[in-house]
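A.B. asks: mind looking at a prediction? Sequence and model below.
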There are 2 protein chains.
Amino acid sequence: MTGEENLLKLVEAEPDESYRLQEQVGFILRKAHQRHVAIFASKITDLTPPQFAALAKLADVGETSQNQLGTLVAMDAATIKGVIDRLKARGYVDLSKHEQDKRRLMVSLTAEGRQALEKLIALAQEITEETLSPLSAKEVQQFLRLLAKVA
Amino acid sequence: MTGEENLLKLVEAEPDESYRLQEQVGFILRKAHQRHVAIFASKITDLTPPQFAALAKLADVGETSQNQLGTLVAMDAATIKGVIDRLKARGYVDLSKHEQDKRRLMVSLTAEGRQALEKLIALAQEITEETLSPLSAKEVQQFLRLLAKVA
DNA sequence: CTGATATCATTTGCGTACGAATGAATTTCA
DNA sequence: TGAAATTCATTCGTACGCAAATGATATCAG
């Protein structure tokens, strides 16, 4: 091989130090998240994933303050406010002031909210299954373990 | 054990069929994505991850139409428009009409955009590393493989 | 050639997501 | 006790992300 051929190869080759967007975690993470949200929306049309998360967590822990619930579902104060506002508009949660601590806004599940949640849980499991359907059972376990570490 | 004690246990026990939000892919995926965005923002303050992705992809493929670029970076027409608008406002891209097809808006990288990108790529690699830092080298390979399957 | 269809882009509306600023209430501690 | 710090909630501004509607252009089929 001549020196010129080497040079040509260097120029034409996919450079090793090049930045490959498609291989960056952030990009793939964003796409995986998008895919999940799309699957969610195809099965549950009346709630978004964050709304569902807040509802499910509220059923789990019972009445809590808005901010506390936000912390539990990884939403900041501004975000959880909007989510709770919309759940309240649907009649799924009730809001009330805390008597001792007048700063706190207590959120509780309504009967309607609990009923909706119970119906949705089966669908939520389908959503999880479909999201993980490209993986084998063994891969699912690995993936969830690693994803939890990264999150 | 009396019947009443059994009843009490049923009511108080963590039910096996209960829905555990913390274990659902969607929820963990959302948190992992949030963590990555936070790491990104801590290292690159003048661009968002989608803006960076568009810029990197544009450098990769050269001049393209706005919609085509959107497809390449997984953004719909409405989303890529906003991203390109902001990149243009920063002087990182130029826009021009396609002469043959008057519908198309062609996007190209400016010298400034290329320069900014080159400086940012080292940081982007740090971001990827920090995002994956909870994993061992072997786990990183597994995780990227599985995540790509899910995305 | 022309009408139906498809593509590209824009706009609007809604829902996260987060930083920063503000105000009210509570807690800490000097 | 009383001032400082903290906590809870709200609001504003910016930026994705997507559905749906609209308008302009291009392509295709009869």
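C.D. replies: Received the coordinates, thanks.
A.B. asks: and stretch A:143-151, how far from the chain's centre?
C.D. replies: What separates the centre of stretch A:143-151 from the centre of its chain is 13 Å, taken as C-alpha atoms, centre = their mean, to the nearest Å.
A.B. asks: what about it, near DNA strand C?
C.D. replies: No - for stretch A:143-151, no contact with DNA strand C is found by C-beta under 7 Å from any atom of the strand; the gap never falls below 11.7 Å. C-betas here are computed from N, CA, C, even on glycine.
A.B. asks: tell me which residues of that stretch are tucked away?
C.D. replies: A:Phe143, A:Leu144, A:Leu146, A:Leu147, A:Lys149, A:Val150, A:Ala151 (16 or more other C-beta atoms under 10 Å in any protein chain shown).
A.B. asks: pretty sure the third one is touching B:Arg145, no?
C.D. replies: No - contact criterion C-beta atoms under 8 Å: A:Leu146 and B:Arg145 do not qualify, at 10.1 Å.
A.B. asks: in helices, which of the buried residues of stretch A:143-151 appear?
C.D. replies: Residues of those located in helices (DSSP state H): A:Phe143, A:Leu144, A:Leu146, A:Leu147, A:Lys149, A:Val150.
A.B. asks: need those residues in TSV with pLDDT and distance to A:Gln115, can you?
C.D. replies: Formatted as TSV, these follow (pLDDT from 0 to 100; distance: C-beta to C-beta, whole Å):
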residue	pLDDT	distance to A:Gln115
A:Phe143	97	33
A:Leu144	97	29
A:Leu146	97	36
A:Leu147	97	31
A:Lys149	97	36
A:Val150	97	35
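A.B. asks: now the residues you listed as TSV including distance to B:Asp85?
C.D. replies: Putting these into TSV (distance: C-beta to C-beta, whole Å) gives the following:
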residue	distance to B:Asp85
A:Phe143	36
A:Leu144	38
A:Leu146	37
A:Leu147	33
A:Lys149	37
A:Val150	32
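A.B. asks: can I get these in JSON lines with distance to DNA strand D?
C.D. replies: Below are these laid out as JSON lines (distance: C-beta to the nearest atom of the strand, whole Å):
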{"residue": "A:Phe143", "distance to DNA strand D": "21"}
{"residue": "A:Leu144", "distance to DNA strand D": "22"}
{"residue": "A:Leu146", "distance to DNA strand D": "22"}
{"residue": "A:Leu147", "distance to DNA strand D": "18"}
{"residue": "A:Lys149", "distance to DNA strand D": "22"}
{"residue": "A:Val150", "distance to DNA strand D": "17"}
